[in-house]
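Chemist: quick one, fold the following:
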Amino acid sequence: MENPSRQEIGNILKQSKRIAVIGLSDNPERTSYMVSKAMQDQGYEIIPVNPTIESALGVKAVSTLKEIEGPVDIVNVFRRSEFLPQIAEEFDQIDSNVFWAQLGVMNEEAYRFLKERGYTVIMDRCIKVEHALTK
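Modeler: Below you'll find the model as predicted:
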């Protein structure tokens, strides 16, 4: 598995506006909340994707990626690595080009599935850290 260069990641973040966050918690103590709040504070539209919450960061949550209307620039995943193949298949059915799995989250099967279909895949990287490093 190979991630895009830091420069490419910076370009992706500069061009992106809407980030769907799978596994976003409504608990301010959770990493997914803190990272997503930081990105929201930087001007990104955050779409919570979590069937177990009503809303997060003041935005109504959706249960699945397919419930999101319109294109999504980045799908950022805060789920365990073993869920990535299933999430990748759902990702393949929506209008998005960048699949991003958070720090510590990676799966070879999902990576191959997405790369074979021409998607940009970033795994085992924190979007907040990358945003700070590429500003």
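
Chemist: so which bits of stretch 71-82 are buried?
Modeler: For stretch 71-82, burial by neighbour count (16 or more other Cβ atoms under 10 Å) applies to Val72, Asp73, Ile74, Val75, Asn76, Val77, Phe78, Arg79, Ser81. From N, CA and C alone the C-beta is placed, and that goes for glycine too.

Chemist: scratch that, stretch 54-72
Modeler: Buried residues in stretch 54-72, counting neighbours by 16+ other Cβ under 10 Å, are found at Ala56, Leu57, Ala61, Val62, Leu65, Ile68, Val72.

Chemist: need the contact partners of it.
Modeler: Here stretch 54-72 makes contact (Cβ atoms under 8 Å, 6 or more residues apart in numbering) with 18-20, 22, 24-26, 33, 36-37, 40, 46-51, 53, 75, 90-91, 93-96.

Chemist: buried subset of the residues you listed?
Modeler: Buried members of the contacts of stretch 54-72, counted by 16+ other Cβ under 10 Å: 18-20, 22, 24-26, 33, 36-37, 40, 46-50, 75, 91, 94, 96.

Chemist: filter these down to just the ones in helices.
Modeler: Among these, the residues falling in helices (DSSP state H) are Tyr33, Ser36, Lys37, Gln40, Phe91.

Chemist: now the two most distant members of those.
Modeler: Using Cβ to Cβ, these span at most 23.1 Å, a distance reached by Lys37 and Phe91.
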